[in-house]
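In: The following comprises the amino acid sequence and a computationally predicted model.
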Amino acid sequence: MIWIDTDMGLDDILAVMIIAGHRDISGISLVFGNAPLEQVRKNAAGACSLLGWRTPIHTGAANAILGETITPAHVLGPTGIKTRGARLPECPPVPESPAQAALCTWLESLDAPGEILALGPLTNLAILALSRPDLLTKIAKITWMGGGAGRGNQTASAEFNAFADPEAVQIVVNSRVPLDIVDLELCRQVLIGPDDLLALEASGTEKGLVLADLCGAYVDIALERGREKMAVYDPCAAAALVIPEAFTFAPGFVAVELAGTHTRGRTVLDQRPGVPPNCRWAMHADAPRVLSLTLETLQKAALS
C-alpha cells in the first residue's frame, strides 16, 4: 500500500494517475506548495471530479515549519495549474480532514511497512517525524520529488519543493527513514513537447481535451522560455515506484542549506568515498520509457 503527499499541481495529478493505474493508494494528504492550501484543496476536488478518484483526501500543512508560505505563482498563476483556457471542474474544496491524524491512523493499521510518495514540500512528513517518531518504523521508504544537485528552478541554487520548506527536508533526512530522492537533474532527463500531446488532443473526449489543454499549458512554460520541451517532474517520482528497473539510484549523503543568503534550500549531495549515506539519489532514468508511461496514462484516462 502507498500514501501520497502532494501539493496537487498538474504534474502531481499526472503522478497520482500513474500510481492509481498500478498500485492501491491508501490515502492522499495535501500540503501548500504549487498554490496556497485552500487552492490546493480546490485542485484536488477538481481532479477527483474529472478523473473519478475515490481515494480519501486529507488536509495538511498550510505553511512551512517556520511559518512561511511560498508558491510559484509567478510561473503557475494563482491556481498553481497553468491553462490555455480549459480548467478542472469547479468544485468546493475537498472536506477538512486532518492529514496528520489520517496518516498516523494509516501507519498504525499496517501489518507491514508502507511506502510514501512525496510530491511537494515535506512539511507534513516533518510534522509526523517530530510528533510521532514511534511510527517511523512503519514507513518502508519515502520517495520524494525534490531537491537538486545542479541548477535550481526556484533560485539559482534551490529546487522549489526544497526551498519552500528546507527545515522540513532536513527533519525528514534526520529521521533516518529510508529516502529515495528524484531530483531536478533526473527529471530534466525526461522531456515532453507539443508533438507528444497530439494523440491526447485527438482523443475527442471532454476529459481528454481538458487534459490536453492543461498539459499543453504546462509545456508552454518551456516554450515561453525558448526551450522546445518541458521537463516531466512528479511523474518521474511516480514512475520510480511503478517501473523501478527504469531508474538507477546511487547512495549519497544529503544535507540542506538552511541559512545561506544565496543558497538557502539547496540540497548538498555528498558522494565522496567513505561518507556514510543517508539516502539514495536517482542518477539516471530510461527517459523514453518514463515518458511512454506518462503518455499512456493520459491516453487511458482520456478514453475511460
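Out: Thanks, I have it.
In: Next, count neighbours for residue 261.
Out: If you count neighbours by other C-beta atoms under 10 Å, residue 261 ends up with 5. The way it works is simple: take the backbone N, C-alpha and C, and place the C-beta from them, glycine included.
In: next one: residue 79
Out: Close neighbours of residue 79, defined as other C-beta under 10 Å, add up to 20.
In: Using the three-state scheme, assign it.
Out: Assigned with DSSP: H, G, I helix; E, B strand; the rest coil, residue 79 falls in the coil class.
In: One more: residue 272?
Out: coil.
In: before we move on, what about residue 45?
Out: Going by three-state DSSP: residue 45 is helix.
In: So it sits against residue 53, correct?
Out: No - counting by C-beta atoms under 8 Å, residue 45 does not reach residue 53; the two are 9.8 Å apart.
In: Counting neighbours, go ahead and name the busier of these two.
Out: Taking neighbours as other C-beta under 10 Å, residue 45 and residue 53 compare with residue 45 leading, 21 against 18.
In: contacting residues for the more buried one?
Out: Contact analysis of residue 45 by C-beta atoms under 8 Å, 6 or more residues apart in numbering lists 91-94.
In: Just send these back as a markdown table, with pLDDT, neighbour count and distance to residue 282 too.
Out: Below are the contacts of residue 45 laid out as a markdown table (pLDDT from 0 to 100; neighbours: other C-beta atoms under 10 Å; distance: C-beta to C-beta, whole Å):
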| residue | pLDDT | neighbour count | distance to residue 282 |
| --- | --- | --- | --- |
| 91 | 92 | 16 | 34 |
| 92 | 93 | 8 | 37 |
| 93 | 95 | 18 | 33 |
| 94 | 93 | 22 | 30 |
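In: for those, which one is nearest residue 204?
Out: residue 91 (24.1 Å; C-beta to C-beta).
In: gap between the residue nearest to that closest one when sequence neighbours are not counted and residue 39?
Out: Spatially, and ignoring its direct neighbours in sequence, residue 91 is nearest to residue 45 (3.8 Å; C-beta to C-beta, 6 or more residues apart in numbering). As for residue 45, its distance to residue 39 is 11 Å (criterion: C-beta to C-beta, to the nearest Å).
In: Fine, thanks again, bye for now.
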